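S.K.: pasting the sequence and the predicted coordinates here, then a few questions.
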Amino acid sequence: MKNKLAVLGAAALVLASPLLWADGEDISKINGSIRVDSGRKVGSVETVNGSIRLEDSVTAGDLETVSGSIDIGRDGSVGDVDTVNGNVSLDRGAKVESIELVNGRLRIEEQAQVRGDVTSVNGSIVLAKSAQVGGHVQNVNGDIELDGARIGNGIKTTNGDIEIGAGSRVDGGIVVEKPDSLFFSNNRKPKITIGPDAVVNGTLRFDRPVELRISERATVGKIVGAHPIKD
């Protein structure tokens with residue numbers, strides 16, 4: 001019996017150890033978190049109930065979880081990132097193809113890059129200095145904040161505040177949509193702030209009342225549906 005337990009224990013250790021994943025191997029679990037050590041190269045990483053953590057300089061395929069956060073370390077490079085209930089963070093210099101989340105906050109640190117779109121439903125989206133999103137940034141509920149960052153194909157929200165911080169650039173304009181639910185009763189005006197030396201190319205379209213503040217030193221496109229307050 002002792003020998004059998006020893007064999008089972010050794011097998012469990014092998015299965016649990018991220019150091020023994022072969023390069024390019026897919027990682028999949030149902031329950032439990034997944035961590036990939038620094039510098040590893042793996043395939044797709046997937047779990048249902050648990051978080052995913054990639055340490056620095058990891059190369060991986062798509063990352064997906066249902067209930068859990070996804071954290072990508074410095075200089076990581078991965079495919080599409082997808083979670084339903086959980087926060088997502090990209091550390092400095094990380095690169096991903098796209099990000100889709102339903103309930104959770106997203107933070108993109110300095111010099112990190114999303115090549116495609118960022119889509120969320122409920123949660124804030126923050127881009128730090130020199131962070132880039134090549135596609136669009138879109139959510140329904142939650143603030144969107146840029147601090148010297150860049151977005152390549154516009155911003156869209158329904159109920160969130162938007163802050164285009166100093167030195168930021170948004171190509172593709174801004175859209176604030178009117179809520180389409182007959183039962184939506186929040187009458188708070190979203191606050192849209194465009195700071196000094198920020199640039200928004202394209203139309204700024206507001207389908208609901210907003211509070212729009214634009215710095216005298218900012219450059220923006222055509223404004224539809226709002227009267228800006230100059231700061």
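M.R.: Perfect, I can see it now. Numbering: from 1, shown residues only.

S.K.: quick one: residues contacting the residue nearest the centre of the chain.
M.R.: Among the residues of the chain, the one closest to the centroid is Leu106, at 4.1 Å (Cα atoms, centre = their mean). Counting by Cβ atoms under 8 Å, 6 or more residues apart in numbering, Leu106 touches 87-89, 99, 118, 120, 123-126. (Each C-beta comes from the backbone N, C-alpha and C, glycine too.)

S.K.: please flag which of these sit within strands.
M.R.: 88-89, 99, 118, 125-126 (DSSP state E).

S.K.: what count of nearby residues applies to Ala112?
M.R.: 26 (other Cβ atoms under 10 Å).

S.K.: what pLDDT is listed against it?
M.R.: What the model reports for Ala112 is a pLDDT of 98.

S.K.: ok, back up a step: switch the contacts of Leu106 over to CSV; also include pLDDT and neighbour count.
M.R.: Below are the contacts of Leu106 laid out as CSV (pLDDT from 0 to 100; neighbours: other Cβ atoms under 10 Å):
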residue, pLDDT, neighbour count
Asn87, 98, 18
Val88, 98, 27
Ser89, 98, 18
Ile99, 98, 26
Val118, 98, 26
Ser120, 97, 25
Gly123, 96, 20
Ser124, 97, 18
Ile125, 98, 27
Val126, 98, 19
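
S.K.: let's have those residues in CSV, adding distance to Arg205.
M.R.: CSV is the format used below for these (distance: Cβ to Cβ, whole Å):
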residue, distance to Arg205
Asn87, 30
Val88, 28
Ser89, 31
Ile99, 24
Val118, 19
Ser120, 20
Gly123, 23
Ser124, 22
Ile125, 19
Val126, 23
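
S.K.: looking at those, spot the one nearest Glu145.
M.R.: Nearest to Glu145 among the contacts of Leu106: Val126, at 4.8 Å, using Cβ to Cβ.

S.K.: who's in contact with that closest one?
M.R.: By Cβ under 8 Å, 6+ apart, the residues touching Val126 are 105-108, 144-145, 147.

S.K.: Val58: neighbouring residues, count only.
M.R.: Counted with other Cβ under 10 Å, the neighbours of Val58 add up to 24.

S.K.: one step back: among the contacts of Val126, which one has the most neighbours?
M.R.: Neighbour counts for these, by other Cβ under 10 Å, peak at Ile108, which reaches 28 neighbours.
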